[in-house]
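>>> Got a sequence here, can you build the structure:
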Amino acid sequence: MPVFLCRWPNGDCSLVSARTRTEAIERLDEVANAEGCPITQLSHLQIHFTLTDEGRLALEGMGEDTEDEIFEFCYPELKQALVEGEGVPSAITRERERAEVSDAPAPAPATELGRRAKEQLDMPTTLVDRIVSTVSKQRLKSFKPRGNPS
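Next up is the predicted model:
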C-alpha cells in the first residue's frame, strides 16, 4: 500500500499508509484536517525503531532515501542550509512560516448539512460527503410515508 507524506502548515510532517491521496487525507484527520496541505506519495520508506526499557518503541532513525525525500518535499530551504552548513536556525524559522504551505481552501461539501458539519467538526470534505450520503440513504430506506401514494 502506498505511503503518503503530509507537510503541515506549522512545519511538522506525517506519514500515512493509504490506497489513495483522498484516503490519506481522511486517515490524517486523526491529527488534523489535511485538506489544503501539500501531500505526496513517497517512493522510499525505511524507518528504524528501538525497543525501550519501558517496553515502548522510540524512533531510532530512517533510511537515507526516506530522509532525502522528506527534506526535498517538506523542507527545501532547510536542506539547502544543511548542505551549505550555515543559517540552519533561520532556515527552520523560514520553513515553519512558508506561505505556500498554509492551508489552501478546501472544496465545500455537497449539501448544507455537510457544510454545517464540516464547519463544526473540521473534517475533510470527502469524509463529510460520504457520511452525509450514507446516513441519508439509511434514512430514506427506513422512511415510511403516511397515507396512500398517488
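
>>> How is this protein partitioned into domains?
3-106, 107-142 (automatic domain parsing).

>>> so where is the chain shaky, pLDDT-wise?
99, 101-104, 149-150 (pLDDT under 70).

>>> Over to Ser14: give its phi and psi.
Main-chain torsions, Ser14, degrees, to the nearest 10: phi -130, psi 150.

>>> Identify the residue spatially nearest to it, adjacent ones excluded.
Leaving out its chain neighbours, the residue that sits closest to Ser14 by C-beta to C-beta, 6 or more residues apart in numbering is Cys6, at 4.7 Å. Every C-beta, even on glycine, is put in place using the N, C-alpha and C of the backbone.

>>> my read: that neighbour touches Glu26, true?
No. Cys6 is beyond contact range of Glu26, at 11.8 Å (criterion: C-beta atoms under 8 Å).

>>> re earlier: tell me the phi and psi of the residue nearest to Ser14?
phi -110, psi 130.

>>> ok, it to Glu86 distance?
For Cys6, the distance to Glu86 (C-beta to C-beta, to the nearest Å) stands at 29 Å.

>>> quick one, which of those two is more surrounded?
Neighbours were counted for Cys6 and for Glu86 using other C-beta atoms under 10 Å; Cys6 has more, 23 against 10.

>>> Would you mind measuring from Thr134 to Leu127?
Distance from Thr134 to Leu127, counting by C-beta to C-beta: 11 Å.

>>> between these two, which one's more packed in?
Leu127 (22 against 10).

>>> residues touching the residue nearest to Ser14, list them.
Applying C-beta atoms under 8 Å, 6 or more residues apart in numbering to Cys6 gives the contacts 13-16, 24, 28, 34, 37-39.

>>> Helices along this structure, start to end?
Along the chain, the stretches classed as helices by DSSP state H are 21-28, 64-74, 76-84, 88-96, 112-121, 125-142.

>>> tell me the most buried of these?
Across the helices of the chain, averaging neighbours per residue (mean count of other C-beta atoms under 10 Å) puts helix 21-28 on top, at a mean of 20.
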